[in-house]
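# Here is my input; please provide its structure:
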Amino acid sequence: MLMLLEALTDERAEAMTRMNHCLNGLLALGLVTVWPCAGLAQPAAPRAAWMPEARWGVMSHYLADWKARAANEEMTVEKWNGMIDRFDVQGLAEQLQSVGAGYYLVTIGQNSGYYLAPNATYDRYVGIQPSRCSRRDLVADLATALQPRGIRLMVYLPAGAPAGDAAARRALQWQNGPYRNREFQLQWEQVIRAWSTRWGRNISGWWFDGCYWPNTMYRTDETPNFASFAAAARAGNPDSILAFNPGVVPRILSVTPHEDYTAGEINDPNRIEIRRAVEGRIDGTQVHILSYLGRTWGMGAPRLSTEQVVKWSQGIRKQGGAITWDVPIQPEGLIAQPFLDQLAAVGKALRRP
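As a prediction, this is how the structure comes out:
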């Protein structure tokens, strides 16, 4: 009896082998299709999977108050709109393409209350007339110039109200410090949602600055919280990648499961600490570093040698991370040659296949 069972088992095994060979042949010829089993979820690629493939990017702080100080004059709505109208998006896009950048990160605005794109929701909340949001949508125009060149566009925005605009702070009900700021956040998320739906898939991500009190403001089951914050930013593009910046922290950390890449702000690249990264991710979040090439953020002459910049960039890349270098930008929207030279060296060292 045992010998009979063994014979039947061997015969069935041979039959299964023949059937598998036959099926493989039909698959190769494209005559049959195998569908995934119902109920077995296929693992989705992380939103930020494109970031290590892009390898590196460029950031610029194009801010009204910074430009006014540099010109030793006071900013006005007319001057701001004139600057935005003269911004050479095609020229900047050509520069970024020439150095091999994979993405570009631009500030929507920061502390002055001036922004480089229209937002009717913001204007309705703050009630400032004439609006300090530019007439031209510079973000949309940048996307139009960058997309044909294969360069993604990302945007920067503080998590708080514009610190230098007292009227906007009052209207938005912002308290600076470890406060819940519920009323502010409800309004701010609507402002973010308005920009997100306006731009849709033209932008690939957001970098939110000043998330200094995450436990007080966002780590709560009740909205507004990290989940509602993220939903507002992804309203126009569900694939947008997000980072919430807790400040300058040498050790690269993820602050919430609702972010896709680390903010990674660092002043001294020598102090970067990347621990327990697996395949370029820390606790599931894409490793990303942000630092600056000028004397400080957005201004000054190059402070680092090209060799240092390339070395640090290669080091981040070897760990599966992406690095963004902030460079000063001129009023017409172009990058000065000394910084272009350094960026070109980074692009050559991190050249994509």
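# residue ranges of the helices in the stretch 1-150 of the chain, please?
2-29, 50-54, 64-70, 77-86, 89-99, 120-126, 138-146 (DSSP state H, counting those that start in this stretch).
# just checking, which of these comes out with the lowest mean pLDDT?
For these, the weakest mean pLDDT is recorded on helix 2-29, namely a mean of 42.
# Longest strand in the protein, by number of residues?
As assigned by DSSP state E, the longest strand anywhere in the chain is strand 152-158.
# ok, and what's touching it?
50, 54, 57, 59, 61, 102-111, 139, 142-143, 146-147, 192, 195, 199, 202-210, 241 (C-beta atoms under 8 Å, 6 or more residues apart in numbering). The C-beta positions use only the backbone N, C-alpha and C, and glycine is treated the same way.
# Next SSE downstream of it?
helix 166-172 (DSSP states H and E).
# pLDDT (mean, whole number) over that next one?
The model assigns helix 166-172 a mean pLDDT of 98.
# So what touches it?
Under C-beta under 8 Å, 6+ apart, the answer for helix 166-172 is 113, 125-128, 161-163, 184, 187-188.
# Neighbour-wise, give me the winner out of those residues.
Tallying neighbours with other C-beta atoms under 10 Å puts Ala161 at the head of these, with 27 neighbours.
# List the contacts of it.
168-169, 172, 174, 184, 188.
# likewise Pro246?
211-212, 214, 253, 255, 263.
# 7 Å instead, please
Counting by C-beta atoms under 7 Å, 6 or more residues apart in numbering, Pro246 touches 211-212, 214, 255.
# Can you classify it as helix, strand or coil?
At Pro246, secondary structure determined by DSSP: H, G, I helix; E, B strand; the rest coil is coil.
# quick one: Arg271 and His258, what's the gap?
Arg271 sits at a distance of 27 Å from His258 (criterion: C-beta to C-beta, to the nearest Å).
# of these two, who's got more company?
His258 (19 against 11).
# so the more buried one makes contact with Ala227?
Yes. Contact criterion C-beta atoms under 7 Å: His258 and Ala227 qualify, at 6.0 Å.
# Any stretches of this structure with poor pLDDT?
Judged by pLDDT under 70, the chain has its weakly predicted residues at 1-44, 352-353.
# Gly333 contacts Leu92, doesn't it?
Yes. Using C-beta under 7 Å, Gly333 makes contact with Leu92 at a distance of 5.0 Å.
# Out of the contacts of Pro246, name the ones that lie in helices.
Assigned to helices by DSSP state H, the following of those qualify: Pro214.
# which pair in the contacts of Pro246 spans the largest distance?
Tyr212 and Val255 (10.6 Å; C-beta to C-beta).
# The two - which one has more neighbours?
Val255 (20 against 15).
# Provide a list of residues in contact with that one.
Here Val255 is in contact with 211, 214, 244, 246 (C-beta under 7 Å, 6+ apart).
# what about the closest residue to Thr285 other than its chain neighbours, neighbour count?
Once flanking residues are discounted, Thr285 sits nearest to Ser254: 3.7 Å by C-beta to C-beta, 6 or more residues apart in numbering. Neighbour count for Ser254, taken as other C-beta under 10 Å: 20.
# ok, now how distant is Ser254 from Asn245?
12 Å.
# what's the answer for Tyr179, then?
Tyr179 is 18 Å from Asn245, by C-beta to C-beta.
# what residues does stretch 74-91 touch?
64-65, 67-68, 112, 114, 116, 130, 132, 134-136, 138, 141-142, 145, 331-334.
# Now which of these would you call buried?
Among the contacts of stretch 74-91, those scoring as buried are 64-65, 67-68, 112, 114, 116, 132, 134, 136, 138, 141-142, 145, 333-334 (criterion: 16 or more other C-beta atoms under 10 Å).
# Between those residues, which sits nearest Trp325?
Leu334 (16.0 Å).
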